[in-house]
Every structure is written in structure tokens, then in C-alpha cells.
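Enquirer: Kindly generate the corresponding structure for this input.
(one chain, ligands or ions: 1)
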Amino acid sequence: MVYGSPPKWNLGHCTWAIEAFVLEPMVPDYRYFNPRYPYLFNSYYNTVGDRVDRNKRGLLSRPTVNEVYQYRHGVDETVTGIFEKNFTGVRNRQEFLDRLELAINHEQQHQELFFTDLKHIFYSSPMQPVYLETDRSWFDSKKGSSGEAARFVEFDEILTEVGFKGEGFCYDNELGRHKVYLNPFAIAERPVLNQEYLEFVEAGGYRDHRWWLSDAWATLQGEGWEHPLYWEKEGNRWFEFTLHGKIPLNPLQPVVHLSFFEADAFARFKGCRLPTEFEWEYVADQTIGTKNDSGVDSPEISPKKTVSYEGHFMDAGFYHPVTLDPVPAGCGNFWGNVWEWTMSSYLPYPGFKTPEGAVAEYNGKFMNAQRVLRGGSCVTPSDHIRLSYRNFFEPFQRWQFSGFRLARDL
Ligand SMILES: [Fe+2]
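Expert: Numbers count the residues shown, from 1 in each chain. Sure thing, here's the model as predicted:
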């Protein structure tokens, strides 16, 4: 699978990024840990130079895993030494820190890819290895989710604002906060469940061209899609491959590992559509809680509050979606568990600017023929997500933990 990388490559690439984004531009006469490594661990940065083809990363039998860890420890020591010497010799202290923050956020993205790539590698192996043994209660948990049809919550027309606001880190693609007008719309209280998507599969949805965009239908036929990635039918029973091995399909779990094409087709089948990223952001904003630094929900203990995105993230150590929390009123379940496809194309916000150098290639050059996903997944680090966070993938890609919720016009 050309989009996935081996674990060793993800590890080496994160280390390379610290060299390429931080050390090389900020430390005069910086010499790479190993002059051959940039060729191996550069992903897509033309500014930095040539690289191993993406689909050949799995062939890198050298350096060994141990050597990749030595690489990381060596670069860590260099960075730590710069802090200990109070940034002596660094071209620009603040820019060094800003670049390091970007490299750390980049590494968090690869922590997610580590799991999504590993899952596909294990799935593709005839041995289908199990990554971790499971506490089955996770899978059996109902958590009050009844499986009843999702409520749709209605919103009036509104002129609102989207994009990053406040302090702290964000990516360049979230900047350019701007006004958007939303027509009256309704959005589902929660993401679509396995049992709902299964109805579509069993109703012959994958054999009926009426639900599919033209490119989607061509992809479906070319790839032989009959159901979501990782689903498998044995006799009359459906199973799903997970990092815990193959498990019976849990009807109440949000459906996951869908392409945009599949999410869009299901929405059409239901007489609905996907939400735009701006509808999603507007509604999700109303569900965010706050907590103070102590982690206690009491503003008296500490006046400083941080935004709290309550959800099922990588930090839980489970690496698979769980059944949903009940939502007493309004909408919920926006954070973690499954990324949510939106119908929005991945485009620049007004005034979008890229920085100088290699990091200019980080986000902007992908603003072509991709769709936006929001909210994070069960393999996203919890402190990586934000209200304005824009993930993006090509519409046929489905190896990420991607699901969706429905919306419709009023
Ligand atoms: Fe990367």
C-alpha cells in the first residue's frame, strides 16, 4: 500500500524533521547525524532534496531499528544541549522554539500514522498479527448507546466565524479566521454506526451506481470495494480486523475506515449529505468544555482555563473506536474516536500564507483534490486536536480512522 510506511520509517522521519526543520536552518554549519539519512527519511519536501520513493520505504532493511533509535537519541542530545547552553550560537532563539514546536506537532501526526500504517501492514500480512491483547469489556461496552436512529439538530441561518483564534500553536492552514454564512441546516447528533452502514452494504449499496460520484464509482470498480476496509464476512457473520485482531463487528460502534467516497455515497442513500467543515466547526464549538490547569472542573481552584476536548483518543491506549456516549440534548461525540469526513474541499483560508523554506511544503501544496476531516480519532494524541484543526486526505483514502456524520439542508 503506497500510502503507508513501516514503523521504523515513521520513527526515522520524525527525527529527520527535527534536523531539517529546526537544526539545519537554525544552527550555523549544522551537520546531519548521518549524511545518507535525509535521502531515506525525507517524505515529500522538494526543498530538501531527493528521496526514497514512498512505495519503497518498506524495502529499507538498513538502518536497523536500533540504529534508528541511536539516530533519535543523537538528535535529542543535540537539541537538549542547545537548551542547556541557553541557545548560544542559535541563529534566532524564538524561531528555533517555534520550529521545534512544529516538529513536535509533526511527530504527533506520525504517532497517529504509526498506528494506522501498522494496522494496514498487519492486516496485509497472511499471519494477521495481533498488536495488543484486549480487555474485551471495551468492545462489549454499551455506554448507554441505544442504537436508535440519530436525532438531527436544527440550526438557523447565521453569519459566523471559523478558523483558529486564541493563543498557542496551530498550523498555517487554520489561520485566516474569517466570516462564513451558513444556510439553515440540520446535523446528526452523532457519527454513523456500523449497524447503519451495514444496512447500506446489505441493501446492495456497493452495486448501485446511483449513490456514487463518478470518480467514486470508478474507484469502487477498480479496487473491487464491497464494504469498508477491514470488514470481512464469514458465512452470515461480519467481522472487523483491528489492532486487537479480528473481532465480531460491533453494531453500535461508529463505522470507521471509510473513504470520502463511501461516506458521501451513504449520505446520498439516506437522502442526506455530509456537513461542510464550517457547519461542523460551528456546532462542535458549542460542545467544548473548559477545565483549569489542575484538571479539576472547578474554576475556583485555578483561574486559568484551557479548552477541553473530551473524547476517546490515543491516550486511552486502545487504538480502536468505542461505542458512543449518550447525548442528552443537542449534538455530541465530536472529539476523538473517528475522524469525520466533511464535504468541504481542502482549500486555503483568505490570506493564506506559507513560511519560507522547507516548511512551506508542510500543508499548502496539498490544497488540491483533497477533502477535510475534523475532530481527531482514537489514535490522535488528545492534546494534538483543536476546534479549528483541519485534517485532509484524498477522497479515495480509507486507511485512517475515518468515519462521518450526516447533515441535511432545511
Ligand atoms: Fe511527516
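Enquirer: For the chain, which segments count as strands?
Expert: Secondary structure of the chain (DSSP state E): strands at 152-155, 158-162, 178-182, 185-188, 231-234, 237-242, 245-248, 289-292, 305-308, 339-345, 371-374, 391-393, 402-403, 407-409.
Enquirer: the inter-axis angle of the lengthiest helix in the chain versus strand 237-242?
Expert: Identified as the longest helix of the chain according to DSSP state H is helix 93-124. If you take axes from the mean of the first three to the mean of the last three Cα atoms, to 10 degrees, helix 93-124 sits at 140 degrees to strand 237-242.
Enquirer: Helix 93-124 packs against which elements?
Expert: Under the contact criterion of 3 or more Cβ pairs under 8 Å, 6 or more residues apart in numbering; DSSP states H and E, the helices and strands touching helix 93-124 comprise helix 7-17, helix 24-26, strand 237-242. Where you see a C-beta, it was placed from the backbone N, CA and C, and this is true even at glycine.
Enquirer: do that again at 6 Å, thanks
Expert: Under the contact definition 3 or more Cβ pairs under 6 Å, 6 or more residues apart in numbering; DSSP states H and E, helix 93-124 sits against helix 7-17.
Enquirer: can I get the CA coordinates of the helix it packs on in CSV?
Expert: Listed next in CSV are the C-alpha coordinates belonging to helix 7-17 (Å, rounded to 0.1, in the frame of the first residue of the first chain):
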residue,chain,number,x,y,z
PRO,A,7,7.1,1.8,11.9
LYS,A,8,10.9,2.3,11.5
TRP,A,9,10.5,4.8,8.8
ASN,A,10,7.9,6.8,10.8
LEU,A,11,10.5,6.9,13.7
GLY,A,12,13.4,8.0,11.5
HIS,A,13,11.3,10.5,9.6
CYS,A,14,10.3,12.4,12.8
THR,A,15,13.9,12.6,13.8
TRP,A,16,14.9,13.8,10.3
ALA,A,17,12.2,16.5,10.6
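Enquirer: how much does that helix deviate in direction from helix 93-124?
Expert: Angle between the axes of helix 7-17 and helix 93-124 is 170 degrees (criterion: the same axes, to 10 degrees).
Enquirer: can you count the residues close to the residue nearest to residue 246 when sequence neighbours are not counted?
Expert: Nearest residue to residue 246, sequence neighbours excluded (Cβ to Cβ, 6 or more residues apart in numbering): residue 239, at 5.0 Å. With neighbours defined by other Cβ atoms under 10 Å, the count for residue 239 comes to 15.
Enquirer: Equivalent analysis for the one 4 residues further on, please.
Expert: Look at residue 243: counted by other Cβ under 10 Å, it has 20 neighbours.
Enquirer: surely it meets residue 131?
Expert: Yes. Residue 243 is within contact range of residue 131, at 4.0 Å (criterion: Cβ atoms under 6 Å).
Enquirer: Mind pulling the model confidence for residue 96?
Expert: At residue 96, the model reports a pLDDT of 97.
Enquirer: ok, now how distant is it from residue 7?
Expert: According to Cβ to Cβ, to the nearest Å, residue 96 stands 29 Å off from residue 7.
Enquirer: Compare those two and say which one has the larger neighbour count.
Expert: Neighbour totals were compared for residue 96 and residue 7, and residue 96 leads with 20 against 15 (other Cβ under 10 Å).
Enquirer: give me every residue that touches the more buried one.
Expert: The contact partners of residue 96, by Cβ atoms under 6 Å, 6 or more residues apart in numbering, come to 26, 90.
Enquirer: how close does it get to residue 21?
Expert: Residue 96 is 10 Å from residue 21, by Cβ to Cβ.
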